[in-house]
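>>> what's the 3D shape of this:
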Amino acid sequence: RIVNLGYSEIYVESFYGGQVLLPQADNPTVWPSVVQTPGYEKRDLLAEAIHKGRERGLRVDAWLFTLNFGYSYALRGDRQAVLALNGQGQSTFTYARSGASSNPDEVFVDPYHPQAQADYARLLGAILRRQPDNILFDYVRYPRGVGPNSVADSVDDLWIYGQASRDALLKRATNHQGKELIQRYISRGYLTDGDLAEVSTRYPTEVEPLWQNHTPLPPLAAKQTPLSTATRRSQLQTELWQLTVNHAMQGVLDFVSLAVAQVQPMGLGSGIVFFAEGNQTIGTGGYDSRLQAWERFPPTATWHPMAYGICGHSDCILDSIRRVLTLEPGSPRPLKIGRAHV
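Alright, predicted model coming up:
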């Protein structure tokens, strides 16, 4: 029926909702198999779908959730430290169950955690052994909050408070003053004039706090008045906000880059699914809570923008697609529209 409708390619959901489309008898992952029926422990539905699709001339791609590891993962006592954590002490599991997230069953992990990376690599390896034509990565982002939670506009909104992410963030400091101010900023959400004075006294051999992408102050010219402490504090606080936002985004980008790199030696293509609005700034200094910086996805991966809209006509969907094309004009990157709802 799919072929008769004119389709040439299908996406098979292979990892979704905290379960994997692998047979129970050959499932090396930490997730349960989709098929749990007794007597069907060896039934490999993914391998069958790939084989039957190819018999009919279809390309069969495996579609996988990425940072959304699912509800079942959150129930594991040995994986609690892997879940992403915000500055309010919420894991993405407790956050979702509180109603702050758009879906109570979505559970996102800390992309910097080596256990998350290892679990996903093992899962992806099992999927690749079924030899699909391509791999599509979905949920390459953080949770989408509802209402005011849909905007990340303070550091404690960011999912960077897990130990692995915090450790990686502190390594972005390039001197002791910088590390100390990062710690104070993420613990309190702001800096004080006293913070600058204290770190300067504690590390007197360092001229100023430094971290990645920080531009040091130029030497004062003759008769030039130095910046006031309050002005300097405001500047550093703005820099730290951008540093922490970029750190959160970079975790997502690094995680999916590892996955794409695992696919490449197999000679298969990779695609990444995203929302056109997932990378936008909101208001003055706020960001869409998903922090989906899709314009920085690995250049070897095909873009799959999800175009949604309910406006009575197609304009809202076309506007979404135009935004994608505008941010990457004239790019040779392949582009596929995942699906559109009118």
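>>> what about I310, how many neighbours?
Neighbour count of I310, defined by other C-beta atoms under 10 Å: 8. Backbone N, C-alpha and C define where each C-beta goes, glycine included.
>>> that one in helix, strand or coil?
coil (DSSP: H, G, I helix; E, B strand; the rest coil).
>>> surely it touches C316?
Yes. Taking C-beta atoms under 8 Å as the definition, I310 is a contact partner of C316 at 7.4 Å.
>>> quick one, what contacts N279?
Applying C-beta atoms under 8 Å, 6 or more residues apart in numbering, we find N279 in contact with D288, L291, Q292, A293, W294, E295.
>>> distance check, the residue nearest to the first one when sequence neighbours are not counted against Q19.
Distances taken as C-beta to C-beta, 6 or more residues apart in numbering place Q280 nearest to D288, at 5.2 Å, with adjacent residues excluded. Taking C-beta to C-beta, to the nearest Å as the criterion, Q280 is separated from Q19 by 32 Å.
>>> so the two - more neighbours on which side?
Using other C-beta under 10 Å as the criterion, Q280 and Q19 rank with Q19 on top: 22 against 13.
>>> could you pull out the strands for this protein?
Secondary structure of the chain by DSSP state E: the strands cover 9-16, 19-20, 59-65, 134-138, 151-152, 269-275, 281-282, 286-288, 302-308, 340-341.
>>> any chance of those in TSV, plus distance to G125?
Shown next, in TSV, are the strands of the chain (distance: least, C-beta to C-beta, whole Å):
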stretch	distance to G125
strand 9-16	12
strand 19-20	12
strand 59-65	12
strand 134-138	11
strand 151-152	33
strand 269-275	14
strand 281-282	37
strand 286-288	32
strand 302-308	21
strand 340-341	33
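>>> make JSON lines out of those strands and add distance to T92 and mean pLDDT.
Below are the strands of the chain laid out as JSON lines (distance: least, C-beta to C-beta, whole Å; pLDDT from 0 to 100):
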{"stretch": "strand 9-16", "distance to T92": "16", "mean pLDDT": "96"}
{"stretch": "strand 19-20", "distance to T92": "18", "mean pLDDT": "98"}
{"stretch": "strand 59-65", "distance to T92": "13", "mean pLDDT": "97"}
{"stretch": "strand 134-138", "distance to T92": "16", "mean pLDDT": "98"}
{"stretch": "strand 151-152", "distance to T92": "13", "mean pLDDT": "96"}
{"stretch": "strand 269-275", "distance to T92": "18", "mean pLDDT": "95"}
{"stretch": "strand 281-282", "distance to T92": "20", "mean pLDDT": "94"}
{"stretch": "strand 286-288", "distance to T92": "16", "mean pLDDT": "97"}
{"stretch": "strand 302-308", "distance to T92": "20", "mean pLDDT": "88"}
{"stretch": "strand 340-341", "distance to T92": "26", "mean pLDDT": "40"}
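>>> where does Q224 land on pLDDT?
Q224 carries a pLDDT value of 64.
>>> ok, Y185 touching L240?
Yes. Counting by C-beta under 8 Å, Y185 does reach L240; the two are 4.6 Å apart.
>>> and for the two, which residues touch both?
With contacts defined as C-beta under 8 Å, 6+ apart, the residues adjacent to both Y185 and L240 are V155, L191.
>>> now do the same end-to-end measure for stretch 105-116.
18 Å (C-alpha to C-alpha, to the nearest Å).
>>> from the chain's centre, how far out does that stretch sit?
With C-alpha atoms, centre = their mean, to the nearest Å as the basis, stretch 105-116 stands 9 Å off its chain's centre.
>>> in the stretch 101-250 of the chain, where is pLDDT below threshold?
Along the stretch 101-250 of the chain, the model assigns pLDDT under 70 to residues 219-224.
>>> recalculate using a threshold of 90.
For the stretch 101-250 of the chain, the stretches with pLDDT under 90 are 102-104, 214-229.
>>> helices along that one, start to end?
Per DSSP state H, counting those that start in this stretch, the stretch 101-250 of the chain carries helices over the ranges 114-128, 163-170, 176-188, 193-202, 229-263.
>>> mind putting these into TSV with mean neighbour count?
Output for the helices of the stretch 101-250 of the chain, formatted as TSV (neighbours: other C-beta atoms under 10 Å):
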stretch	mean neighbour count
helix 114-128	18
helix 163-170	18
helix 176-188	19
helix 193-202	15
helix 229-263	18
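>>> about what we covered before: looking at the strands of the chain, which is closest to Q36?
Nearest to Q36 among these is strand 19-20 (9.1 Å), distances taken as C-beta to C-beta.
>>> any chance you could list what contacts the closest one?
By C-beta under 8 Å, 6+ apart, the residues outside strand 19-20 that reach it are S14, N27, T29, W31, P32, S33, V34, G70, S72, L123, A126.
>>> wait, which of the residues you listed is closest to S200?
The closest of the contacts of strand 19-20, once distances to S200 are taken by C-beta to C-beta, is G70, at 46.9 Å.
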